[in-house]
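A.B. asks: here are the coordinates; sequence isn't available:
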């Protein structure tokens, strides 16, 4: 390795360590559009992020090494890193040695996207879809906004847009997960909400929040951050939202599921995407936009009617009929659901959409729900599923504080019901799925935050 004094910082070069994150990649793409030299490293890059980065012509590396941060005599002037990247990562260690500026994603987003009129959508579920819906509404009403949401839309809407001198609002998804391994403060604390939407609060990320009380208190601190001239739009159908909203020093506008259902019917809000919960999501976005931000109702209606949804949110990947979808013998869905409340909501939506089909779930929990403490949250979640299939879980970074469960331990921990099967290899898993779908109309839903693209492609090829 060259002596560090020989390296010069390229003021146009930004490197992303852990670039394949669903929110990190769009930020990299936006910076590339501005003319920056952008490079990135990740060991696993899944679709649809893989395709986006390839289209953006960003130089990618699949092994962490200091060499990725060296180009002749130059190194980047900035490294932006994802939340899951270890402090011992070789790129970060080299960056520190070279005195390269290192920021985690939340810091970078706070500087590049957050505006004084900051709209933050927070909660255990629905925040990605509601944020994307709000972005579509603002585009329809020709409002100048910056934004970020952690997903890829079906119609190709970029997932991030940087602020400019003309920006009126920033609209971002407020994730409660840690900002980085060295900064365990939740990402949403960097987004300075003036307008806060609270969708629901149910204990999640048990690897970080060891108790339900700790998880709820974290949202309470976010509520306390909203200034006196701000507004909180809060789901009072949720007892935990009611609790945290009680400490607000600003105006709190309440809504309930029942009230939103009436409002949707009165104002002709329609959506074309699967799931009754998406009608509710659209209602939250629409009522907030119309009643609080005074956007034109007609344009709000148009934006939501044309909204095609987010990839990996009940995304239909395969069906074998030319007619009504309900007449298909086999339907394959891809969904981001990885925590108990998200899985429960997805199962309920699938059952509602396809009542004649049996339901097979291929499931991998996210990091925070692979702990012993999270198992109780799964009680009853899979009761209406005809078959639950657990693949080989992805290996996680070792932790001295947290014991992460493998697929066999997880199956045993949730009760080892007769409808649970564990597969050590994907070939047997795929063959099993084909057999399960032989005798009755079947929906096979893949649910994982990591993504199971290879398995989905293998199943579709087999079908």
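C.D. replies: That came through, no problem. Given the structure is predicted, the values throughout are model-derived calculations rather than measurements.
A.B. asks: What residues of the lowest-mean-pLDDT helix or strand in the chain count as buried?
C.D. replies: Lowest by mean pLDDT, DSSP states H and E among the helices and strands of the chain is helix 49-55, with a mean of 85. Within helix 49-55, the residues that qualify as buried are 49, 50, 52, 53, counting by 16 or more other C-beta atoms under 10 Å. C-beta: built from backbone N, CA, C; applies to glycine.
A.B. asks: Quick one: the residues you listed as CSV, columns for distance to residue 378 too.
C.D. replies: What follows is those, written out as CSV (distance: C-beta to C-beta, whole Å):
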residue, distance to residue 378
49, 28
50, 30
52, 32
53, 34
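A.B. asks: and the two most separated of those residues?
C.D. replies: 50 and 52 (7.3 Å; C-beta to C-beta).
A.B. asks: what helix or strand is the residue nearest to residue 387 when sequence neighbours are not counted on?
C.D. replies: Using C-beta to C-beta, 6 or more residues apart in numbering and skipping the chain neighbours, the partner closest in space to residue 387 is residue 360 (4.5 Å). Element membership for residue 360, per DSSP states H and E: strand 358-364.
A.B. asks: and that strand, what does it pack onto?
C.D. replies: The elements that strand 358-364 packs onto, with contact taken as 3 or more C-beta pairs under 8 Å, 6 or more residues apart in numbering; DSSP states H and E, are helix 340-353, strand 387-390, helix 426-436, strand 442-448.
A.B. asks: Mind doing that once more with 10 Å?
C.D. replies: strand 330-335, helix 340-353, strand 387-390, helix 407-413, strand 420-422, helix 426-436, strand 442-448, helix 453-462 (3 or more C-beta pairs under 10 Å, 6 or more residues apart in numbering; DSSP states H and E).
A.B. asks: okay, and the common contacts of residue 50 and residue 52?
C.D. replies: Common contacts of residue 50 and residue 52 (C-beta atoms under 10 Å, 6 or more residues apart in numbering): 20, 25.
A.B. asks: Could you give the separation between the terminal residues of stretch 108-128?
C.D. replies: One end of stretch 108-128 sits 19 Å from the other (C-alpha to C-alpha, to the nearest Å).
A.B. asks: swap in stretch 35-45?
C.D. replies: First-to-last residue span, stretch 35-45, C-alpha to C-alpha: 23 Å.
A.B. asks: Now residue 188: closest residue in space that isn't a chain neighbour?
C.D. replies: residue 174 (3.5 Å).
A.B. asks: Geometric centre of this structure: which residue is closest?
C.D. replies: residue 150 (4.6 Å; C-alpha atoms, centre = their mean).
A.B. asks: Quick check: that residue is in a helix.
C.D. replies: No: using DSSP: H, G, I helix; E, B strand; the rest coil, the secondary structure at residue 150 is coil, not a helix.
A.B. asks: Now do the SS call for residue 11.
C.D. replies: Assignment for residue 11 (three-state DSSP): strand.
A.B. asks: can you tell me the helix or strand for the residue nearest to it when sequence neighbours are not counted?
C.D. replies: Leaving aside its sequence neighbours, residue 11 sits nearest to residue 77 (C-beta to C-beta, 6+ apart; 4.9 Å). Element membership for residue 77, per DSSP H and E: strand 74-81.
A.B. asks: So what's the model's average confidence on that strand?
C.D. replies: Confidence for strand 74-81, expressed as mean pLDDT, is 97.
A.B. asks: just checking, what packs against that strand?
C.D. replies: strand 8-17, helix 24-33, strand 37-41, helix 90-97, strand 101-104, helix 105-112.
A.B. asks: Which secondary structure elements does the fourth one sit against?
C.D. replies: Packed against helix 90-97, as judged by 3+ C-beta pairs under 10 Å, 6+ apart, are the following elements: strand 8-17, strand 74-81, strand 101-104.
A.B. asks: Now tabulate these in CSV and tack on distance to residue 315 and mean neighbour count.
C.D. replies: Below are those laid out as CSV (distance: least, C-beta to C-beta, whole Å; neighbours: other C-beta atoms under 10 Å):
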stretch, distance to residue 315, mean neighbour count
strand 8-17, 25, 20
strand 74-81, 28, 23
strand 101-104, 29, 18
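A.B. asks: Identify whichever of those lies nearest to residue 461.
C.D. replies: Closest to residue 461 of those is strand 8-17 (C-beta to C-beta; 32.3 Å).
A.B. asks: Could you chop this protein up by domain?
C.D. replies: Here the domain parsing of the chain from automatic domain parsing is 4-108, 113-305, 315-462.
A.B. asks: for the shortest one, the distance to its chain's centre please.
C.D. replies: The chain centroid and the centroid of domain 4-108 are separated by 21 Å under C-alpha atoms, centre = their mean, to the nearest Å.
A.B. asks: picking that back up, let me see the contact set for the residue nearest to the centre of the chain.
C.D. replies: 21-26, 127-128, 131-132, 159-160, 172-173, 175, 187, 310, 336.
A.B. asks: Can you flag which of the residues you listed belong to strands?
C.D. replies: Using DSSP state E, 160, 172, 173 are the members of those that sit in strands.
A.B. asks: how close does the residue nearest to residue 11 get to residue 7?
C.D. replies: 11 Å (C-beta to C-beta, to the nearest Å).
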